[in-house]
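> Next comes the sequence, and after it the predicted model I'd like to discuss.
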Amino acid sequence: MSSPYLAKHVASLKPSGIRRFFDIVATMDDVISLGIGEPDFTTPQHILDAGIRSLQAGETHYTSNAGIYELRAAISEHLERLYGVRYNPQDEIVVTVGVSEALYLAMNAVIEPGDEVIIPTPCFVSYQAEVTLAGGVPVEVPSRVEDNFQLRPETLEAAITPRTKAIFIGYPNNPTGAVASREVLLEVARIAEEHDLVVISDEIYDRLVYGVEHVCFAALPGMKERTITLGGFSKNYAMTGWRVGYACAPADLLQGLLRIHQYTIMSAPTMSQVAALEALKHGEDDVEEMRAEYNRRRELIVNGLNDLGLPTFEPKGAFYAFPSIAPTGMDGETFSMKLLEEEKVAVVPGSAFGAGGEGFVRCSYATAYEKIEEALERIARFAQRHG
């Protein structure tokens with residue numbers, strides 16, 4: 001029961017389907033968690049050392065609201081080198097407390113009360129909630145495994161109404177591991193331009209792709225002026241606890257995000273910004289090493305689940321597998337709870353990720369290879385018992 005003093009739009013928010021399972025796991029022993037979307041790698045040592053040196057040098061004060069200029073310049077150079085899109089570090093980039101804050105800023109800077117934001121699903125659990133908290137209305141557009149979880153342009157276009165303000169996309173995708181093709185994104189760009197919509201693009205997993213190209217949406221022709229690009233360091237550099245990310249947008253749009261950031265946050269943690277700068281300057285080998293290991297795990301879990309009779313879409317990005325559990329006859333909640341109780345393997349029901357997720361579960365392969373092998377053995381026992 002919620003307090004009568006809570007705002008209605010807050011009281012109406014659903015608890016995170018991911019967090020509920022983590023809370024249960026925390027009370028159990030010998031659980032293999034395929035639930036958490038966090039690298040199991042420790043932040044690379046040279047990045048740790050940069051943060052430590054910052055503290056030892058007494059760099060424990062606020063930075064400028066937008067972040068250390070040298071870091072913003074490095075982000076600008078990084079995006080231009082990889083994707084050919086150039087952001088002015090002076091007034092088109094703000095350093096944030098993780099991509100979570102960047103998402104909050106983008107929604108609150110753009111959305112008026114009652115505005116609709118189209119969100120392809122399945123998707124990360126925060127997207128719809130942040131739209132609601134900003135006073136908007138999330139409009140879910142389900143994608144299908146038959147389309148490789150790619151967004152169908154005609155479905156997107158059919159969801160547009162006079163209240164539509166923005167399209168939100170998140171590729172590489174959490175939870176499916178789908179990577180949007182250039183062809184599909186060009187169609188999204190066409191629709192955004194025809195209907196004069198803002199596009200908010202969460203690209204936190206941009207470096208974790210396997211055999212395919214990540215397309216930065218803002219780099220598409222004519223899209224930079226209507227796109228807010230969200231990125232960060234948590235996934236690519238194993239820096240989740242440092243809480244540092246960024247948002248990039250045209251100067252007039254970025255000023256709105258920065259204004260909210262000034263009043264809400266002041267600045268991202270100083271030592272985290274210094275560590276992020278080190279990651280961009282000298283972390284390329286670390287990214288490649290971690291991506292290679294994720295790819296090894298990806299092949300293990302996808303092949304293993306398929307061999308167990310759980311048809312699994314081949315993820316091309318991030319670090320998640322999204323198997324269908326239809327052969328078991330269970331829904332996602334039942335499957336996940338029984339698997340946890342009987343075999344102590346934690347996965348997340350697909351329904352936690354919005355429309356289109358029911359009938360699937362999310363399995364993170366951001367855990368040790370040997371643990372994935374053991375988890376597959378436990379799932380095999382579970383599958384045998386349940387047909």
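Cool, the structure landed.

> ok, Leu277 - contacts?
Residues near Leu277 by Cβ atoms under 8 Å, 6 or more residues apart in numbering: 50, 68, 70-71, 74. Glycine gets a C-beta too; all of them are placed from N, C-alpha and C.

> Revised request: answer the last question for Ala73.
Ala73 is in contact with Pro89, counting by Cβ under 8 Å, 6+ apart.

> neighbours around Val94, how many?
Neighbours of Val94 under the rule other Cβ atoms under 10 Å: 30.

> Secondary structure of it: a strand, I assume?
Yes. In this structure, Val94 lies within a strand as judged by DSSP: H, G, I helix; E, B strand; the rest coil.

> Domain map for this protein?
8-43+285-385, 60-282 (automatic domain parsing).

> So which of the ones you listed is nearest Ser54?
Nearest to Ser54 among the domains of the chain is domain 60-282 (4.0 Å), distances taken as Cβ to Cβ.

> Going along the chain from the helix-or-strand element of the chain with minimal mean pLDDT, find the next helix or strand for me.
Lowest mean confidence among the helices and strands of the chain (mean pLDDT, DSSP states H and E): helix 17-25, at a mean of 68. Going down the chain from helix 17-25, the next helix or strand is strand 32-33, by DSSP states H and E.

> check contacts around Asp206.
Asp206 is in contact with 82, 172, 214, 216, 231, 236, counting by Cβ under 8 Å, 6+ apart.

> and the fourth one, what does it touch?
Translated: Cys216. 79, 82-83, 85, 201, 203, 206, 229.

> From those, list the buried ones, please.
Buried members of these, counted by 16 or more other Cβ atoms under 10 Å: 79, 83, 85, 201, 203, 206, 229.

> In this structure the second one contacts Ala219, no?
What that stands for is Tyr83. Yes. If you go by Cβ atoms under 8 Å, Tyr83 and Ala219 touch, sitting 4.5 Å apart.

> where are the low-confidence patches of the stretch 1-150 of the chain?
Within the stretch 1-150 of the chain, the ranges that satisfy pLDDT under 70 run 1-2, 15-22, 25.

> Strands along that one, start to end?
32-33, 93-96, 116-121, 137-142 (DSSP state E, counting those that start in this stretch).

> Now distance to Ala11 too, for these, in CSV please.
Conversion of those to CSV gives the following (distance: least, Cβ to Cβ, whole Å):
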stretch, distance to Ala11
strand 32-33, 30
strand 93-96, 27
strand 116-121, 21
strand 137-142, 17
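
> Identify, out of the ones you listed, the most deeply packed stretch.
Mean neighbours per residue, mean count of other Cβ atoms under 10 Å, is largest over the strands of the stretch 1-150 of the chain for strand 93-96, with a mean of 29.

> Let me have it in PDB, keeping just the CA atoms, if that works.
This file holds the C-alpha atoms of strand 93-96, laid out as PDB (Å, rounded to 0.1, in the frame of the first residue of the first chain):
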ATOM      1  CA  ILE A  93      28.200  17.500 -24.600                       C
ATOM      2  CA  VAL A  94      27.300  17.100 -20.900                       C
ATOM      3  CA  VAL A  95      29.000  14.500 -18.600                       C
ATOM      4  CA  THR A  96      26.400  12.800 -16.500                       C
END
